[in-house]
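*Asks:* how would this look folded up:
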Amino acid sequence: MPLDPVIVARIVALIQDGRGQRETARIVGKSLCAAQNVYQRYEETGLITRRPGSGRKRITTQRDDRFLVSTSLRNRTASAVLLRNQLQEVRDVNVSEWTVRRRLRAAGLSCRRMATGPPLQRRHRIARLAFARNHLAWNDEDWSNELFSDESRFCLNRSDGRRRVWRRPGERYAPVCIDERLPFGGGSVMVWAGISSEARIDLVFIQNGSLTAHRYITEVLEDHVMPFMITMGEHGILMHDNARPHAAVLSEDIRMRSELGDLIGQHSVQT
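*Replies:* From the prediction side, this is the model:
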């Protein structure tokens, strides 16, 4: 890409002021070759502007480029083909999808796989903001009373994500290029874990089925959390998310919640 006219003028001014070309390049943050080409062009033409090129004329204007960028920012999931069609419909400019990708890349936009996360409603965002404000002044001693916990399911046979392979033409069904999959995913395992700043609870394997509210109480809270929270003292706090088993424990099993309150102190906090 051509250098900014301000940088070009600064290069010329520094060299005429007696600075060396290598020092000038270091000051403006450009390569030595760029500084040499700029000053050589100035000596030949007496101008700091770039000479007209002999290549193909740029098909999009700055307004077209701004239209592509603003349209992609309004609709982040729009494909390059869709952006090309909208550019042709609104601005009457016909370009290829590769041109669209180059314009967006030049503006600092790149196409990446979307991050995943739970759907958050307004009440969720309000609760998270309130939690952050309430804990903003906490120090290391305060956080040492927290037991953070979560569970996760792992596929036993293969990665859950999309896998890619390098192959030559005609090798689509070669054994080394086939992602072998067992029927119904090949099985999985769910584990639960808890950790604090001082210690951790060993992994709890949820065997034979999913984690329900009853199993969360009997297999996790009673067997692992309650003994651990006793060692943390009356200020211990159990942190877990709003998964169905956790929410069911807090909203439906009043008896268990009271028992946990006696042993855990402030018992559990949802985030």
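*Asks:* what ranges in the stretch 151-271 of the chain fall below the confidence cut-off?
*Replies:* Residues of the stretch 151-271 of the chain that meet the criterion pLDDT under 70 lie in 157-162, 181-186, 249-271.
*Asks:* do a quick rundown of the strands in it.
*Replies:* Secondary structure of the stretch 151-271 of the chain (DSSP state E, counting those that start in this stretch): strands at 188-195, 200-206, 237-240, 268-270.
*Asks:* with the stretch 1-150 of the chain instead?
*Replies:* Listed from the start of the chain, the stretch 1-150 of the chain has strands (DSSP E, counting those that start in this stretch) covering 146-155.
*Asks:* ok, residue 149 to residue 92 distance?
*Replies:* Residue 149 sits at a distance of 58 Å from residue 92 (criterion: C-beta to C-beta, to the nearest Å). C-betas here are computed from N, CA, C, even on glycine.
*Asks:* neighbour count for those two, which is higher?
*Replies:* More neighbours surround residue 149 than the other of residue 149 and residue 92, with 23 against 8 (other C-beta atoms under 10 Å).
*Asks:* could you pull up the residues touching the more buried one?
*Replies:* 192-195, 201, 225, 238-240 (C-beta atoms under 8 Å, 6 or more residues apart in numbering).
*Asks:* distance to residue 221 and mean neighbour count for the strands of the stretch 151-271 of the chain - can I get that in CSV?
*Replies:* Shown next, in CSV, are the strands of the stretch 151-271 of the chain (distance: least, C-beta to C-beta, whole Å; neighbours: other C-beta atoms under 10 Å):
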stretch, distance to residue 221, mean neighbour count
strand 188-195, 10, 16
strand 200-206, 10, 14
strand 237-240, 8, 21
strand 268-270, 9, 16
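*Asks:* so for residue 133, which of the ones you listed sits nearest?
*Replies:* Of all the strands of the stretch 151-271 of the chain, the one in closest proximity to residue 133, counting by C-beta to C-beta, is strand 268-270 (14.4 Å).
*Asks:* distance between the ends of stretch 12-25?
*Replies:* By C-alpha to C-alpha, to the nearest Å, the extent of stretch 12-25 from end to end equals 11 Å.
*Asks:* which residues touch that stretch?
*Replies:* If you take C-beta under 8 Å, 6+ apart as the criterion, stretch 12-25 is touched by 11, 27-28, 31-32, 34-36, 38-39, 42, 48.
*Asks:* turn these into a markdown table, including pLDDT and neighbour count.
*Replies:* Listed next are these as a markdown table, based on pLDDT from 0 to 100; neighbours: other C-beta atoms under 10 Å:
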| residue | pLDDT | neighbour count |
| --- | --- | --- |
| 11 | 90 | 26 |
| 27 | 91 | 13 |
| 28 | 89 | 19 |
| 31 | 90 | 11 |
| 32 | 90 | 14 |
| 34 | 88 | 18 |
| 35 | 89 | 27 |
| 36 | 90 | 16 |
| 38 | 88 | 25 |
| 39 | 89 | 19 |
| 42 | 87 | 18 |
| 48 | 78 | 19 |
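*Asks:* in helices only, show me those residues.
*Replies:* With helices defined by DSSP state H, the entries of these inside them are 11, 27-28, 32, 34-36, 38-39, 42.
*Asks:* can you add distance to residue 221 and give those back as TSV?
*Replies:* Supplementary listing: those in TSV, determined by distance: C-beta to C-beta, whole Å:
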residue	distance to residue 221
11	69
27	65
28	64
32	67
34	65
35	69
36	72
38	70
39	75
42	77
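*Asks:* which two in those are spaced the farthest apart?
*Replies:* Taking C-beta to C-beta as the measure, those span a maximum distance of 16.9 Å, between 27 and 42.
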